[in-house]
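> what's the 3D shape of this:
(one chain, ligands or ions: 2)
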Amino acid sequence: MLASDAAGIADAARLLRAGGLVALPTETVYGLGCDATDPLAVASLYAAKGRPSFNPLIAHVPDLAAARRVGLFTPAAERLAGRFWPGPLTLVVPALEGATCELARAGLASVAIRVPAHPAAQAVLVAAGRPIAAPSANRSGHVSPTTAAHVLADLDGRIDLILDAGPCAVGVESTILDCTGGAPVLLRPGGLARETIEAALSVPLAIAAPSPETSGPKTGPLAPGMLVSHYAPSVPVRLNVHEIRPGEALLSFAGARPPGSETAALVRDLSPSGDLVEAASRLFALLRELDAAGAQGIAVVPLPRHGLGEAIADRLRRAAAPRPD
Ligand code: TXA
Ligand code: MG
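Residues are numbered from 1 along each chain as shown. Ligands and ions are numbered 1, 2, ... in the order given. Just a heads-up that it's a prediction; the model follows:
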């Protein structure tokens with residue numbers, strides 16, 4: 001683990017250029033970075049995460065000029081990039097041949113591109129001088145990391161370096177828009193609220209067909225990583241509860257204390273003041289904390305669905321979904 005000062009950033013860039021695996025802070029969550037042009041590095045990244053190799057990775061670049069060397073930007077994609085980059089928005093566009101390796105794209109003809117706003121991520125991307133593939137820096141299926149300590153807990157001994165820049169400000173992953181066709185389609189709600197994007201586009205956003213298990217052979221992958229059970233704590237998660245069962249821990253919002261709260265194993269509030277931005281930034285850390293409390297389950301109160309509430313609801317639904325194994 002290194003601080004994200006000049007020496008840490010130089011080390012991170014050197015390791016990335018040499019095919020290494022480096023955990024990097026971004027404003028959304030910590031990412032596990034590797035050289036997106038190097039199939040060996042990408043294969044070792046999939047192995048370190050225990051990630052199914054059909055799940056494509058986001059290519060991270062420092063700016064729109066670098067992004068144009070990785071994918072083909074339609075006028076709509078240009079407009080979105082110009083308005084929201086750098087920031088918590090990922091755009092899926094047609095891939096430019098040879099700019100990222102096939103394994104990083106899991107064989108797709110499109111590529112997901114993001115320009116993160118975090119200064120440490122920016123500095124590493126500039127110094128690395130090539131697109132960096134970076135999924136969230138957790139074991140596949142686990143809760144995404146919003147601190148360097150979370151990364152260490154999941155990936156210690158499996159990666160080359162963690163660059164520590166403190167907790168991530170946004171706390172949920174980027175919003176993903178498919179810009180390969182006509183109108184942009186929302187593939188994953190995330191750190192940029194749908195309303196903000198719709199205001200910029202002046203039209204409602206189309207949403208990908210509600211088939212979260214999207215890697216089916218008939219439809220082909222939409223956002224193939226959107227597996228139903230994901231972000232999974234080790235204990236069961238119950239949503240929209242109005243009563244806490246004995247032995248459960250409580251994830252609350254805006255001070256809500258449903259009946260049974262007095263005897264809850266642990267109570268944590270996403271945002272006592274009812275602020276959805278604060279709630280998103282604390283979501284994954286509090287899920288981890290409640291999971292570690294030794295409770296029999298985690299009960300979650302109803303949450304608003306507007307703004308970042310959409311991404312929070314999406315992550316909680318996955319955390320609560322039945323597990324495949
Ligand atoms: O905020 C974020 O986006 C973080 C930080 C580290 O940048 N990254 C992240 O990556 O969340 P990951 O790998 O956990 O999620 C990437 C999602 C997956 O669901 C994947 O299936 C989807 O992006 N994806 C990648 N390439 C795609 C493509 N060509 N078409 C559709 N979906 C794609
Ligand atoms: Mg992830």
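
> how is the chain divided into domains?
With automatic domain parsing as the criterion, the domains of the chain are listed as 2-207, 237-320.

> closest to ligand 1 out of those?
Each of these has some distance to ligand 1 by Cβ to the nearest ligand atom; the shortest is domain 2-207, at 2.7 Å. Glycine gets a C-beta too; all of them are placed from N, C-alpha and C.

> would you mind naming what in the chain lies close to ligand 1?
Listed as neighbours of ligand 1 in the chain under the rule Cβ under 6 Å from any ligand atom: 26, 28-29, 31, 55-58, 90, 92, 105, 108, 110-112, 114, 116, 134-136, 173-174, 176, 187, 223-226.

> following the chain onward from the helix or strand harbouring Leu250, which element is next?
Using DSSP states H and E, Leu250 falls within strand 248-252. Once the chain leaves strand 248-252, the next helix or strand it forms, by DSSP H and E, is strand 267-269.

> so what's the gap between that next one and the chain middle?
When C-alpha coordinates are averaged (Cα atoms, centre = their mean, to the nearest Å), strand 267-269 and its chain have centres 23 Å apart.

> with stretch 58-67 instead?
Distance, centroid of stretch 58-67 to centroid of chain: 17 Å (Cα atoms, centre = their mean).

> what sits up against that stretch?
26, 31, 33, 36, 69-71, 73, 78, 81-82, 85-86, 90-91, 100, 104, 111-116, 121-122, 125-126, 131-135, 174 (Cβ atoms under 8 Å, 6 or more residues apart in numbering).

> may I see the buried residues of stretch 264-279?
For stretch 264-279, burial by neighbour count (16 or more other Cβ atoms under 10 Å) applies to Ala264, Ala265, Leu266, Val267, Arg268, Asp269, Leu270, Ser271, Leu276, Glu278, Ala279.

> oh sorry, the question was meant for stretch 35-43
Residues of stretch 35-43 classed as buried: Asp35, Ala36, Thr37, Asp38, Ala41, Val42 (neighbour count, 16+ other Cβ under 10 Å).

> count residues in the vicinity of the residue lying closest to the fourth one once chain neighbours are set aside, would you?
Residue nearest to Asp38 in three dimensions, not counting chain neighbours: Gly19, with 5.4 Å by Cβ to Cβ, 6 or more residues apart in numbering. When counting by other Cβ atoms under 10 Å, one arrives at 15 neighbours for Gly19.

> swap in Val92?
Val92 has 26 neighbours, counted by other Cβ under 10 Å.

> okay if I get the domains of the chain as CSV plus mean pLDDT?
Below are the domains of the chain laid out as CSV (pLDDT from 0 to 100):
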stretch, mean pLDDT
domain 2-207, 95
domain 237-320, 96
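
> so of those, which one's packed in deepest?
When the domains of the chain are scored by mean count of other Cβ atoms under 10 Å, the highest mean neighbour count falls to domain 2-207 (a mean of 21).

> and Thr263, how close does it get to Leu16?
As defined by Cβ to Cβ, to the nearest Å, Thr263 lies at a distance of 49 Å from Leu16.

> Ala127 now?
With distances taken as Cβ to Cβ, Ala127 is found 9 Å from Leu16.

> ok, now Val29?
Val29 is 18 Å from Leu16, where distance means Cβ to Cβ.

> repeat that for Ala67.
According to Cβ to Cβ, Ala67 and Leu16 sit 18 Å apart.

> for the stretch 51-200 of the chain, what spans make up the strands?
Counting by DSSP state E, counting those that start in this stretch, the stretch 51-200 of the chain has strands at residues 58-60, 89-94, 110-114, 132-133, 161-164, 175-178, 185-188.

> now do the last one: which elements does it pack against?
This points to strand 185-188. On a contact count with 3 or more Cβ pairs under 8 Å, 6 or more residues apart in numbering; DSSP states H and E, strand 185-188 meets strand 175-178, strand 206-207.

> same thing but at 10 Å, please
strand 89-94, strand 175-178, helix 194-201, strand 206-207, helix 309-320 (3 or more Cβ pairs under 10 Å, 6 or more residues apart in numbering; DSSP states H and E).

> helices or strands up against the lengthiest helix in the chain?
In the chain, with assignment by DSSP state H, the single longest helix is helix 276-291. With contacts taken as 3+ Cβ pairs under 10 Å, 6+ apart, helix 276-291 sits against helix 148-155, strand 237-238, strand 248-252, strand 267-269, strand 297-300, helix 309-320.

> to Thr196, which of those lies closest?
helix 309-320 (11.2 Å; Cβ to Cβ).

> helix 194-201 and the closest one, what's the angle between them?
140 degrees (axes from the mean of the first three to the mean of the last three Cα atoms, to 10 degrees).

> then helix 309-320 to PDB, C-alphas only?
Output of helix 309-320 as PDB, limited to C-alpha atoms (Å, rounded to 0.1, in the frame of the first residue of the first chain):
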ATOM      1  CA  GLY A 309     -31.500   6.500  -4.900                       C
ATOM      2  CA  GLU A 310     -31.900   4.600  -8.200                       C
ATOM      3  CA  ALA A 311     -28.300   3.300  -8.000                       C
ATOM      4  CA  ILE A 312     -28.500   2.600  -4.300                       C
ATOM      5  CA  ALA A 313     -31.800   0.600  -4.900                       C
ATOM      6  CA  ASP A 314     -30.100  -1.300  -7.700                       C
ATOM      7  CA  ARG A 315     -27.100  -2.300  -5.600                       C
ATOM      8  CA  LEU A 316     -29.300  -3.300  -2.600                       C
ATOM      9  CA  ARG A 317     -31.500  -5.400  -4.900                       C
ATOM     10  CA  ARG A 318     -28.400  -7.300  -6.000                       C
ATOM     11  CA  ALA A 319     -27.200  -7.600  -2.400                       C
ATOM     12  CA  ALA A 320     -30.500  -9.200  -1.500                       C
END
